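Chemist: Sequence and predicted model, in that order:
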Amino acid sequence: MINRTALLAGALTLACGCAQAATTATPEFVGTDAPFASNAIYFVLTDRFVNGDPSNDHRDQGGVHRTFDIPVPGAPPGESANIGYLGGDFKGILDNAGYIRGMGFGAVWITPIVDNPDEAFTGGDPVTWGSKFTDRGKTGYHGYWGVNFYKLDEHLPSKGLDFRQFTAAMHQAGLKVVQDIVANHGSPAFSMPVRQPQFGQIFDKDGKLVADQQNLPPYRLDPVRNPLHRFYHAYDDLVQLSNNDDQNPAVLDYFVGAYEQWADQGADAFRIDTISHMSTAFWKQFAARIRAKHPGFFMFGEAFDYSPDNIGQYTWPSSGSISVLDFPLRGRLAEVFEHPGSDYAQLLDRLYLTNGPYQNPYELVTFYDNHDMARLAASDAGFIDVNNFLFTARGIPAIYYGSETGFERGRAEHQGNRNYYGQQRIDAASNSPIYRQLKRIAQLRENTPALQRGLMLPLRFAGNQAAFYRVYQQGDVHQIALVLLNKGDVAAQFDIGDYLQAGRWTPALGGSAIDVPAGGHLRASVAAHDVQVWLLDAAATRPDLVAELTRLMQERGHPER
């Protein structure tokens, strides 16, 4: 059990003062006010989801450096990966909006939509099975090699379905659109044996060339004499990608203009690629200018770093109040849920519920795998357990396409991580126990304010068991959720008395309500690899519970921010 006796005496004094004030106003207990936090996110690598419109495949594009269907060499028998386009598009996502929405997701994160080169890259190191940071022979199918950030890539739209029409249709289907954006780099820019068109170049909204690395290594750039070099730092960063100069005001103006355009066309939030490769000063200005036109616009960045001290700074107001993907928690999720017999206690110190490194830990985007790392190498039970935790604990859960069925589990980028999913797998998803249990817990979060936005009060994180409260108290909505998790192979017995408020507790996933008297206990048996969520739709009044929630509210963010 987590002992807070030392803290309770002082907190109770505060609670008594609050109790007197409560005669006129109920205190607010809220993890986050951000509207976007209500939405669980389904992450789609657009080209690899579903080919809804073969007419936009451009299968003959690239000539001798073709761009469509390029298998990775060296694959073991029966396995494959691909570095060419495979046809996924807006229509493929829209055709399956009901599938995504039906699972309980409220938002879809799509990979970058901007124009990418029309050939496969000839520089860098050759891609082979299992290789990393290799790009020779690869295309921009993933969208991260932008050459014109104002122009829609030709592989994505269909007749009557440009980006504005796509977002409108997704909204009609009940789904928000998270647009993946890149500002720190464009396309591969040097090391080509013979210079290729578009690579290392950036064009403006009128198609005018504004930057060109001219196939030169960064140390040979001459920004003083060559205006086309001024967009770039004269040093390299990631493999052979161009390295945009975040100190150049023209770079800021370019990307603010480009991404304002897409926000105007219906993007609801941004996921910022490689946020840590540009200064916090750049992002503060970027965020302020986007939000000047779109108040409250939600953004979260990718700082591929497992150190909370390193990534927390991006969430502070001094850096633009941009949330981040929760890599520190992700590392522990893999440790716990890939390995049966692991201890739930390993997760506790990565929640940072009080005085942590983040402006607000409840706005972090939580996840366990994505396109840049090996997919979770877990059993079906491991996937079920991690989803049960992800959709009940603090944060905004994001699930990578295919993880709902354990697709290509354990596989890295050039081993199948980004393989084509396809309509056939979607149609068969209901046969997967992972899918069925994900749908169950995701739909519960969708309908439970406390799980979306409530404060998190841990009770027990030990062995195969975890128990915690989520409490949301704002306006007319008062809800206390008690979450009981069991990742073991046999049923687990829970006996909860700490902070347990009297009242009628209702099991959200089925069963009979329990009337708990003052000072009573809630006893429950949770099946193997299962979850129970008990709900009390009432304001928190038990003094020690109010005291702890008051402390959590006061200490929710970074102590100096």
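Modeler: Done, it's in.
Chemist: Tell me where this protein has helices.
Modeler: Assigned by DSSP state H, the chain shows helices spanning 5-21, 90-95, 97-103, 163-172, 249-264, 280-293, 308-311, 327-337, 345-348, 380-390, 423-428, 433-446, 449-453, 543-554.
Chemist: Of the ones you listed, which is nearest residue 53?
Modeler: helix 90-95 (4.4 Å; Cβ to Cβ). Just so you know, the C-beta spots here come from the backbone N, C-alpha and C atoms, and that holds for glycine as well.
Chemist: residues of that closest one that come out buried?
Modeler: Along helix 90-95, the positions that meet the burial threshold by neighbour count (16 or more other Cβ atoms under 10 Å) are 90-95.
Chemist: circling back to that earlier point, just send the helices of the chain back as CSV, with distance to residue 30 and mean pLDDT too.
Modeler: CSV is the format used below for these (distance: least, Cβ to Cβ, whole Å; pLDDT from 0 to 100):
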stretch, distance to residue 30, mean pLDDT
helix 5-21, 15, 40
helix 90-95, 32, 98
helix 97-103, 26, 98
helix 163-172, 26, 98
helix 249-264, 26, 98
helix 280-293, 21, 98
helix 308-311, 22, 96
helix 327-337, 21, 98
helix 345-348, 22, 98
helix 380-390, 20, 98
helix 423-428, 36, 98
helix 433-446, 16, 98
helix 449-453, 6, 98
helix 543-554, 7, 98
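Chemist: Tell me which of the ones you listed approaches residue 223 most closely.
Modeler: Residue 223 sits nearest to helix 249-264 of all the helices of the chain, at 11.3 Å, using Cβ to Cβ.
Chemist: Can you give the contact residues for the closest one?
Modeler: Helix 249-264 is touched from outside by 113-114, 149-150, 163, 179, 181, 183, 202, 204-205, 210, 230-231, 244-246, 267, 270, 282, 285-286, 289-290, 293-294, 297, with contacts defined as Cβ atoms under 8 Å, 6 or more residues apart in numbering.
Chemist: which of those count as buried?
Modeler: The neighbour-count test (16+ other Cβ under 10 Å) marks 113-114, 149-150, 163, 179, 181, 183, 202, 204, 210, 230-231, 244-246, 267, 270, 282, 285-286, 289-290, 297 as buried among the contacts of helix 249-264.
Chemist: rewinding a little: take the helices of the chain and lay them out in TSV including distance to residue 495.
Modeler: Shown next, in TSV, are these (distance: least, Cβ to Cβ, whole Å):
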stretch	distance to residue 495
helix 5-21	19
helix 90-95	46
helix 97-103	33
helix 163-172	45
helix 249-264	50
helix 280-293	47
helix 308-311	33
helix 327-337	23
helix 345-348	19
helix 380-390	20
helix 423-428	41
helix 433-446	23
helix 449-453	22
helix 543-554	17
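Chemist: Tell me which of those approaches residue 67 most closely.
Modeler: Nearest of the helices of the chain (Cβ to Cβ): helix 90-95, 17.8 Å.
Chemist: now for that closest one, which elements pack on it?
Modeler: On a contact count with 3 or more Cβ pairs under 8 Å, 6 or more residues apart in numbering; DSSP states H and E, helix 90-95 meets helix 163-172.
Chemist: Could you rerun that using 10 Å?
Modeler: With contacts defined as 3 or more Cβ pairs under 10 Å, 6 or more residues apart in numbering; DSSP states H and E, helix 90-95 has these neighbours: strand 41-44, helix 97-103, strand 107-110, helix 163-172, helix 423-428.
Chemist: Pull up the pairing partners for the first one, direction included.
Modeler: Based on DSSP bridges, the strands next to strand 41-44 in the sheet, each with its direction, are strand 107-110 (parallel), strand 396-400 (parallel).
Chemist: Now render the ones you listed as JSON lines, adding distance to residue 326.
Modeler: As requested, the strands paired with strand 41-44 are arranged in JSON lines below (distance: least, Cβ to Cβ, whole Å):
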{"stretch": "strand 107-110", "distance to residue 326": "15"}
{"stretch": "strand 396-400", "distance to residue 326": "9"}
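Chemist: Residue 81 and residue 411 touch, don't they?
Modeler: Yes. Using Cβ atoms under 10 Å, residue 81 makes contact with residue 411 at a distance of 8.1 Å.
Chemist: Need the residues touching each of these two.
Modeler: Taking Cβ atoms under 10 Å, 6 or more residues apart in numbering as the contact criterion, the residues that touch both residue 81 and residue 411 are 130, 417-419.
Chemist: From residue 453, how far off is the residue in the chain sticking out farthest from the centre?
Modeler: The centre of the chain is farthest from one residue, residue 225, which by Cα atoms, centre = their mean lies 41.7 Å away. Here the criterion is Cβ to Cβ, to the nearest Å. By it, residue 225 lies 54 Å from residue 453.
Chemist: What is the end-to-end distance of stretch 119-136?
Modeler: One end of stretch 119-136 to the other measures 11 Å (Cα to Cα, to the nearest Å).
Chemist: picking that back up, need the helices and strands packed on helix 90-95 in CSV with distance to residue 457, can you?
Modeler: Formatted as CSV, the entries for those read as follows, by distance: least, Cβ to Cβ, whole Å:
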stretch, distance to residue 457
strand 41-44, 25
helix 97-103, 28
strand 107-110, 27
helix 163-172, 35
helix 423-428, 38
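Chemist: Just the pLDDT for the residue nearest to residue 517 when sequence neighbours are not counted.
Modeler: Closest residue in space to residue 517, ignoring its immediate chain neighbours: residue 502 at 5.7 Å, by Cβ to Cβ, 6 or more residues apart in numbering. Here, the pLDDT recorded for residue 502 equals 98.
Chemist: Can you report how many residues neighbour residue 502?
Modeler: As a burial measure, residue 502 scores 15 neighbours (other Cβ atoms under 10 Å).
Chemist: which residues touch residue 416?
Modeler: 72, 75, 79-82, 129, 374-375, 407-410.
Chemist: from memory the residue nearest to residue 517 sits against residue 521, does it?
Modeler: No. Judged on Cβ under 10 Å, residue 502 makes no contact with residue 521 at a distance of 11.1 Å.
Chemist: Thank you, goodbye.
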